[in-house]
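Q: I'd like to go over a predicted model; first the sequence, then the structure.
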Amino acid sequence: MSVPARSVAHLRDRLLSRMGQAALTGLVGLTWSATASAYIGDSFLSIPGQAGAYRGTDHKRWIRAESNEWSGRLRKINSGATDPLAGDKLFFGGPNAPRPGNSGKLILTLAKTNPDLRFLMDACSKKLPIAELSYAESSDRARPVLELGPRPAEFPAFWEYRLKGVQVADCPVLDGAEQQAIVLTFQDIEWLNYDANKSLANKVVVDPDDLPKVAPIEPSGGKTTKSFLITWIAPATGTTSEQCPVLNTKPSDADVYRYLSVEEATQLRARTGEKGLTAGLQTELRGPHRLNVNLLPGVIPDPGMHEAQSPTALGIDLDGNDERGAPPKGVRKHRNYVSPDGRTGIDNQLFAVMGCIPGFRGTQGYRNQTSNARRADGNVVTLVEVSGIDNEQNDDHVEVAIIYAMDKPIRDNSGHKFIPGYTFRPATDPNFALYNIRVRGRIVNGVVETDRLPKFQANLGQDPLLELFNARMRFEPQPDGSMKGVIAGYRDWRSLADSHASGYSEGLFGYQQPALYYALKRNADGLYNPVTGEFDGISTVYEVDTVPAFLTAPAPHDARVAQGEPSARKNP
Amino acid sequence: MTMTRSKAKMSSRIAKLGVLSCVVLTLIGAASGSATAPGVSEPLSGGGPATLRRLNEEQYKRSIAQIFGADIKVPGRFEPPVREDGLLAVGDSKVIVTPAGFEQYAIRSREIATNVLDDTHRSKLLDCGQSAGATFDNACANSFLGKYGRLLFRRPLTQGELASVTDVARRATQSTASFTKGLQSGLAALLVSPSFVFRIETAEQDPGRPGTLRLNSYSLASRISFLLWNSPPDEELLSAAADGSLQTQAGLERQVDRLLASPQLESGVRAFFSDMFAFDQFAGLSKDNALFPIFNPRLRDDAQEQTLRTVVDHLLVQKADYRDLLTTKKTFLSRSLGALYGVKVDYRGFGGWMPYTFPADSPHAGILTLPAFLMLDPSHEGRSSPTIRGKSVRENFLCETVPSPPANVNFSLVQDVNDPVRKTARERLTAHQDNPVCAGCHKITDPIGLSLENYTPVGAFRAQENGVSIDASGKFAGKPYKNAIELMSLLRESPSAPTCVVQRTYEYGVGRKIAAAEEPWLEYADARFATDGYRYPALLRMIAVSPAFHAVAPANVAVNFK
């Protein structure tokens, strides 16, 4: 199992590695402050006189790209100036493109099945100059990775640019790759819907009235409330050695050198010397013509992923289908699992994808351990509240809330065991309070189940915001009074792949980003996109452990603060 | 075991009172709970020896804070206190200062003096000599050292003392070419003096009772101040000592009433009960974390504070019956204590305290069922000890004495909590008592302790031990009870509970075990306590204004250091 996000430590490493990249490659005309970033996901190109094939409502007749990279630009953790680990992350970063007046390079990848590719390849072979073209990238996807809060209304869904003096400078062809890279150079750029003189760090101001009205519910009228502190939350991708006889590994030297030219390989060997390759930038630039395969993973053939093999997995039947018969509309036919307690139709495709990646395997996974260590330290404190309980065994109407708290959990002296029975106050900081959730549920034979949430968002502390679509929760009571359970839904697999785009992470956790990309795409089973005919979501299950706890009403001061007093917007 | 002033024993004491020509026969009833008859006169007390007491760490720190300000740092380690006859306050009269301890006092004195006369504090605390530079200002040095010497010594300096310490300042000024450094040396000399570090009590002839001795005014001022505030006399009290009004009954009562009305009274009451309850054992107290993961320094500190807060609220705020401390359902909860009880606390429990009343059916009632008492066993980290708990109740709350076990006792039977046959402490202790050498004392301690076995070593409730239901029944003073709650009610009704706090408070105030000549007065005090409805502030007042409190026995007069 895995946490679909990079740790800040390795994000920092990535920043540093990118700095090294620019210094080494010496990209002409690009500087740190004026270079670009990247993301995996749709962006759109419009060339005058060349109608594109995209048929979506937005950007109809534009050319759709699968991933992009403003070459050489560092990707920021967040655009605000505060501590990315514990500080205010309510920012919305502005465009990542070079500032107007600068030349630059934009690398796009297109599916080889994209009808628009022929024109671009032709332009590439002819070195065809294009006076100007328009480009639009998602402002949400281009956003620095750790930022929180909704996109402010004044910002568009797409940053739009006009590139001038454009040339399709390169288009390295590699058989077996699903996508084709198109390297565009340009002499100048205009920002069409963002004032380039304005700061890129935009504070997301949360109106207290916009915070979810989710406060602890006191028992009353014979109805009881039970609360639980989340002590562990990570993707339910834990596997045994039988389920993963062979684990995935980081890219080998052969993998790194495979698509390099003789000259490029010689240069790299000379640079790394006896020390050999270091996971990071050196290993990321292993695509043809040294393209970055972490940012543009489709430009090389699928290296192959060892997927977990098991009849059982944790989760919920999200699609109402247990593999018998045709899948429901909008669902790709896929392998279903049986839960440990015998429920069929369990949807957890991420289990197969990530179960054999050493760093992401459930409780054994270093990535999950570090994330939850931060949780144990109180970096983010989350409780599950079940209220309105008439009958703890069977109750057709209870309320289930996820409520963030401002108080640190207490552990024993070893640091391994959470002490039950502590009381917590709801967080007043909108970095957390913004993601409080309440949903209707029920108790069936002691098991708490919720209705479907169209979008479940969770602040996981040091990780990027978790978004699950069509999500549901399920918690089982334990003999010690705690609950164990799952939160399941569909995750945007491109966003997930994007969050793992790091050579350092490949080395640390043991995977190859292109293999992960292909596996996610291959196993995506939900969120059917009728425009592209693709599935944008992969069924994902988060495993949750808890201890019994209490939630208490905020202090009168905190309540006042929650009603608009700005000084309250931080955790004590 | 030594019984306290039981009704029976009181009868024998009354015989002694007859020798003293005191009218006390009515006290028999009073000590057992009935009111003192109106007009009963207070028996004269023969007093006990004056004492020489080392300031304890808190008293030292409170002295510095009161005299120079709370921001003056008091560095270094203090020598450990010694408990004698149930109180550290008595031990303070028997301790010495070791060479290593003296070194700490000397270092501490220099650092405090430097702090007091640094750039931050000098202008506030020194009202002369600011421009002296390297020149020694004799008048200023005399004024400064005389003023603070009086506050530190809790009496005016003698001419010789002032001349001596001024000379230290003069010579230091000359050698350092700095008047400030000179004053620092003079102040350090005051701080390291036995007259500051020790409370030296001085006796004088009692003009009202020719042939007897009493404390002089300044020693009396200190006794009263440390009893009620746990800090040295303030300016007003020292003035009352200086003008002699403290030696008049009206003047004495005026000062005592002033101190009793002050918020500082809480500090005095906390200090006393911390001593009586042996809370010094909390320092370094630990529990086996594998068995009791909830135990941590915060819980430990909160448990201590919970009991003291309960005591202060009960005795000073509610002005309630002392005996009800043994049965009260009212207490305070912090976040960590809420976790121990499995109770939700409201916002007041976060960094503060939430008033809380245990439900009527709760197994918690009274301070002996609060975790401070239940966890306060430094010798057993992994299990509860009914013997230690029983001993603590007997000694600390009933003022009885339980002998120490013989040196060759084999405790293995008792300590084996994994014994597959004897699964409860009661079964293990019963087996242990097969040894007649052990049985005698255990019969005294264990019934009470076994009735507290429903509480874990950290104070949480448990119904079973090793899967076996805990039998918490027993007999106290011949009366059967089913559980700890019923035991608490019996303890509340025990005459020993209030007489113990009377005795301990008095001993705490005079710094020594009661002398034989004081027993009649103590019997009277027991009765007055009952008459006053067992209100603790009334007890404090009665002690502080009583001639008994400053009577000094001639045979053991302390050396007059003046």
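A: Received it, and whenever you're ready, just let me know what you need. These numbers were taken from a predicted model, which means no experiment stands behind them. Residues are numbered from 1 along each chain as shown, chains lettered A, B, ... in the order given.

Q: Over to residue B:552: give its phi and psi.
A: Backbone torsions of residue B:552, given as degrees, to the nearest 10, read phi -130, psi 130.

Q: Specify the beta-bridge partners of it.
A: Beta bridges link residue B:552 to residue B:48, residue B:213, judged by DSSP bridges.

Q: Look at residue 80 and give its secondary structure.
A: Just so you know, I chose chain A. Following DSSP: H, G, I helix; E, B strand; the rest coil, the label given to residue A:80 is coil.

Q: what's the answer for residue A:283, then?
A: Under three-state DSSP, the three-state class of residue A:283 is helix.

Q: Thought residue A:505 was touching it, still the case?
A: No - contact criterion CB atoms under 8 Å: residue A:283 and residue A:505 do not qualify, at 10.6 Å. Where C-beta positions appear, they are placed from N, C-alpha and C, glycine not excepted.

Q: Give me the local confidence score for the residue in the stretch 151-300 of chain A that chain B sits nearest to.
A: With CB to the nearest CB, the shortest gap between the stretch 151-300 of chain A and chain B falls at residue A:227, namely 8.6 Å. Looking at residue A:227, its pLDDT stands at 98.

Q: so who does it touch?
A: Neighbouring residues of residue A:227 by CB atoms under 8 Å, 6 or more residues apart in numbering or on different chains: A:216, A:383, A:384, A:385, A:386, A:424, A:548, A:549, A:550, A:551.

Q: That one belongs to a strand?
A: Yes - membership of residue A:227 in a strand is supported by three-state DSSP.

Q: Could you dump the contacts of residue A:227 into JSON lines and include secondary structure, distance to chain B and neighbour count?
A: Putting these into JSON lines (DSSP: H, G, I helix; E, B strand; the rest coil; distance: CB to the nearest CB, whole Å; neighbours: other CB atoms under 10 Å in any protein chain shown) gives the following:
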{"residue": "A:216", "secondary structure": "coil", "distance to chain B": "9", "neighbour count": "22"}
{"residue": "A:383", "secondary structure": "strand", "distance to chain B": "12", "neighbour count": "22"}
{"residue": "A:384", "secondary structure": "strand", "distance to chain B": "16", "neighbour count": "24"}
{"residue": "A:385", "secondary structure": "strand", "distance to chain B": "12", "neighbour count": "24"}
{"residue": "A:386", "secondary structure": "strand", "distance to chain B": "15", "neighbour count": "23"}
{"residue": "A:424", "secondary structure": "strand", "distance to chain B": "9", "neighbour count": "25"}
{"residue": "A:548", "secondary structure": "strand", "distance to chain B": "8", "neighbour count": "18"}
{"residue": "A:549", "secondary structure": "strand", "distance to chain B": "9", "neighbour count": "29"}
{"residue": "A:550", "secondary structure": "strand", "distance to chain B": "4", "neighbour count": "26"}
{"residue": "A:551", "secondary structure": "strand", "distance to chain B": "8", "neighbour count": "26"}
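
Q: Dump these into CSV; add pLDDT and distance to residue A:88 as well.
A: Below are the contacts of residue A:227 laid out as CSV (pLDDT from 0 to 100; distance: CB to CB, whole Å):
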residue, pLDDT, distance to residue A:88
A:216, 95, 24
A:383, 98, 22
A:384, 98, 25
A:385, 98, 26
A:386, 98, 31
A:424, 98, 21
A:548, 98, 31
A:549, 98, 26
A:550, 98, 28
A:551, 98, 24
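
Q: Looking at the residues you listed, which is nearest residue B:425?
A: Closest to residue B:425 out of the contacts of residue A:227 is residue A:548 (28.1 Å), distances taken as CB to CB.

Q: looking at chain A, which helix or strand does the model trust least?
A: helix A:8-25 (a mean of 40; mean pLDDT, DSSP states H and E).

Q: ugh, typo on my part, it should be chain B
A: Using mean pLDDT, DSSP H and E, helix B:27-31 stands out as the lowest-scoring helix or strand of chain B, at a mean of 33.

Q: Sort out which residues of the helix or strand following it are buried, please.
A: Per DSSP states H and E, helix B:27-31 leads on to strand B:52-54 as the next helix or strand towards the C-terminus. By neighbour count on 16 or more other CB atoms under 10 Å in any protein chain shown, the buried set for strand B:52-54 is B:52, B:53, B:54.

Q: what's the answer for stretch B:470-479, then?
A: For stretch B:470-479, a neighbour-count test (16+ other CB under 10 Å) marks B:470, B:471, B:472, B:473, B:474, B:476 as buried.

Q: How about the last one: which residues does it bridge to?
A: Beta-bridge partners for residue B:476, by DSSP bridges, are residue B:479.

Q: what about residue B:101, helix or strand, and which?
A: Assigned by DSSP H and E, residue B:101 falls in helix B:99-116.

Q: So what touches the helix or strand following that helix?
A: As assigned by DSSP H and E, the chain's next helix or strand after helix B:99-116 is helix B:122-125. When contacts are defined by CB under 8 Å, 6+ apart, helix B:122-125 is touched by residues B:68, B:69, B:116, B:117, B:130, B:148, B:180.

Q: tell me the secondary structure for the residue of the stretch 51-200 of chain A found nearest chain B?
A: As assessed by CB to the nearest CB, chain B sits closest to residue A:86 within the stretch 51-200 of chain A, at 19.6 Å. Of the three states, residue A:86 takes coil under three-state DSSP.

Q: list the contacts for it?
A: By CB under 8 Å, 6+ apart, the neighbours of residue A:86 are residue A:379.

Q: State the phi and psi torsions of residue A:238.
A: Torsion angles, degrees, to the nearest 10, at residue A:238: phi -70, psi 140.

Q: Tell me how many other residues surround it.
A: Using other CB atoms under 10 Å in any protein chain shown, residue A:238 has 21 neighbouring residues.

Q: Now do it against residue A:361, distance only.
A: Separation of residue A:238 from residue A:361 (CB to CB, to the nearest Å) stands at 6 Å.

Q: What of residue B:120?
A: When residue B:120 is compared with residue A:361 (using CB to CB), they lie 59 Å apart.

Q: quick one: which of those two has more around it?
A: Shown here are residue B:120 and residue A:361; by other CB under 10 Å, residue A:361 has more neighbours (28 against 13).
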